[in-house]
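**Student:** Make a model of this:
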Amino acid sequence: MPKMFIKASAESMGGLKVKATANNHEIILDEPRADGGTNQGMNPMEALLSALGGCKVIVAQSYAKMHKIKLKSIRIDFEGEFDPNGYLGKDPNAKIGYSKIIEHFHIEADNTPEEIHTFIDFVSNTCPVNDTLTQPATFEHEIHLNE
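**Tutor:** Have a look, this model is predicted:
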């Protein structure tokens with residue numbers, strides 16, 4: 001299969017509100033009112049955790065039968081440890097992004113705990129969002145002025 005190129009965009013809607021689009025779908029990203037936003041959408045850090053969860057749930061649902069997992073339900077709750085002092089420039093030693101992400105898998109399946117643990121390891125190792133976070137992509141940027 002040839003490489004895929006996924007395109008997405010993010011555009012200011014005024015203030016801190018952003019319209020993010022990809023593949024004819026859109027979501028609104030924003031910040032809470034206390035942080036200067038309008039609270040009309042999740043913030044990008046929340047969206048990142050949600051994308052990670054969505055990816056892992058999709059991988060689990062897609063591969064459960066192949067791995068003989070009798071999956072009845074799956075939910076993943078996340079806790080992201082984040083020090084805003086890094087992002088705000090108040091502490092030069094604080095990490096700017098998440099320093100830790102804790103996943104809580106809630107699974108109902110007719111399998112042994114060992115089978116579930118093995119399957120969840122597979123899910124994490126197969127999830128493209130997890131891979132991107134744990135083995136970051138290289139970045140390039142171009143600046144287009146006056147468009």
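
**Student:** roughly how far is stretch 140-147 from the heart of the chain?
**Tutor:** 26 Å (C-alpha atoms, centre = their mean, to the nearest Å).

**Student:** Check which residues of the lowest-mean-pLDDT helix or strand in the chain are buried.
**Tutor:** Lowest on mean pLDDT, DSSP states H and E among the helices and strands of the chain sits helix 84-87, with a mean of 93. Across helix 84-87, burial judged by 16 or more other C-beta atoms under 10 Å covers Gly86. (Each C-beta comes from the backbone N, C-alpha and C, glycine too.)

**Student:** For the next helix or strand along the chain from it, enumerate the helices and strands it packs against.
**Tutor:** Using DSSP states H and E, the helix or strand that follows helix 84-87 in sequence is strand 98-109. On a contact count with 3 or more C-beta pairs under 8 Å, 6 or more residues apart in numbering; DSSP states H and E, strand 98-109 meets helix 44-63, strand 71-82, helix 113-126.

**Student:** Now do stretch 91-102: distance from first to last residue.
**Tutor:** 23 Å (C-alpha to C-alpha, to the nearest Å).

**Student:** what mean pLDDT does it have?
**Tutor:** In this model, stretch 91-102 carries a mean pLDDT of 96.

**Student:** Now tell me what touches that stretch from outside.
**Tutor:** 45, 48-49, 52, 78-83, 85-87, 133 (C-beta atoms under 8 Å, 6 or more residues apart in numbering).
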